[in-house]
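In: fold the stuff below for me.
(4 chains)
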Protein chains: 2
Amino acid sequence: MVEAQKSTVGYCRFRINAVKDSMELLTGKWKIHILGTLLYGGKMRFMDLQREVGGIGAKMLSKELQDLELNQLVTRTVMNTKPITVEYELTEFGKTLEPIIDTIAQWGIDYRETLFGKFKENPTD
Amino acid sequence: MVEAQKSTVGYCRFRINAVKDSMELLTGKWKIHILGTLLYGGKMRFMDLQREVGGIGAKMLSKELQDLELNQLVTRTVMNTKPITVEYELTEFGKTLEPIIDTIAQWGIDYRETLFGKFKENPTD
DNA sequence: CAGGATCCTTTACGATACTG
DNA sequence: CAGTATCGTAAAGGATCCTG
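Out: Now for the predicted structure:
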């Protein structure tokens, strides 16, 4: 944010690189879905998460959650129940993603008709 | 936006599905990088795009651009030069993604130190 | 219930070479 | 320059079974 912002070219690269940095944590077919689900649905157990995200298998969900936990975006809490249940929740850091996810959701809402009209026949119900 | 928003549960699913819908167009390791590059860098030729995005191969770039063109997010214009050059540019529809990309870039900027400190050693230069 | 282990199929992605 | 063709690896994804 020093040299980089002085020229237009530098400014562009600066923001392009910022996108790159962000996406490093968010890359993967399911990351944003999972984070969005936890953002809008709140604390949730593994199976509920799997159902809400929709279409993801247990293996993938498990793997993606481990990634997200490593990156300190979600927490995993084993509950004292029988059989055991596990709760996943956004961390405070994870919640800083809210503007991103909100904007994505809003775009989906705003362009819902456009998207469906042009590109597909079977909208998400 | 009718039934879905009445209950909290419905509201959540509504936004979760909106995220899903948006991501359908944006999925893939490179889509958002490419769109961001075209947003911040403006109209650009194939090779420039490849260099600016950084790290992407010609095959992937070509394939992703075809996807984006199909989804009417970018236009492809063959120029009358020798040898031929091709310019890629965001469509008006593509430009509606600006809030999403801006938010992602801003998050990357805001949490740059956090990201580097915690998760990696070699920041994007 | 939460998920790991295994096996198998299908995409995604990458490197290199080649053409109009 | 802007790609496509070809080949090869890695990751995604599904199914089934298994365990604490």
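In: show me which helix runs longest in chain A.
Out: Ordering each helix of chain A by length in residues (DSSP state H) puts helix A:8-26 first.
In: list the buried ones in that helix?
Out: Across helix A:8-26, burial judged by 16 or more other Cβ atoms under 10 Å in any protein chain shown covers A:12-23, A:25-26. All C-beta spots, glycine's among them, are computed from the backbone N, C-alpha and C.
In: just put those in JSON lines and tack on pLDDT.
Out: JSON lines is the format used below for the buried residues of helix A:8-26 (pLDDT from 0 to 100):
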{"residue": "A:12", "pLDDT": "87"}
{"residue": "A:13", "pLDDT": "89"}
{"residue": "A:14", "pLDDT": "92"}
{"residue": "A:15", "pLDDT": "93"}
{"residue": "A:16", "pLDDT": "93"}
{"residue": "A:17", "pLDDT": "92"}
{"residue": "A:18", "pLDDT": "94"}
{"residue": "A:19", "pLDDT": "94"}
{"residue": "A:20", "pLDDT": "92"}
{"residue": "A:21", "pLDDT": "91"}
{"residue": "A:22", "pLDDT": "94"}
{"residue": "A:23", "pLDDT": "93"}
{"residue": "A:25", "pLDDT": "92"}
{"residue": "A:26", "pLDDT": "93"}
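In: just give me the residue right at the centre of chain A.
Out: Nearest to the mean C-alpha position of chain A, by Cα atoms, centre = their mean, lies residue A:32 at 2.1 Å.
In: so for that residue, what's the pLDDT?
Out: Among the per-residue scores, residue A:32 holds a pLDDT of 95.
In: equivalent analysis for residue A:24, please.
Out: On pLDDT, residue A:24 comes in at 89.
In: ok, the one 5 residues further on next?
Out: Taken from the predicted model, the pLDDT recorded for residue A:29 is 87.
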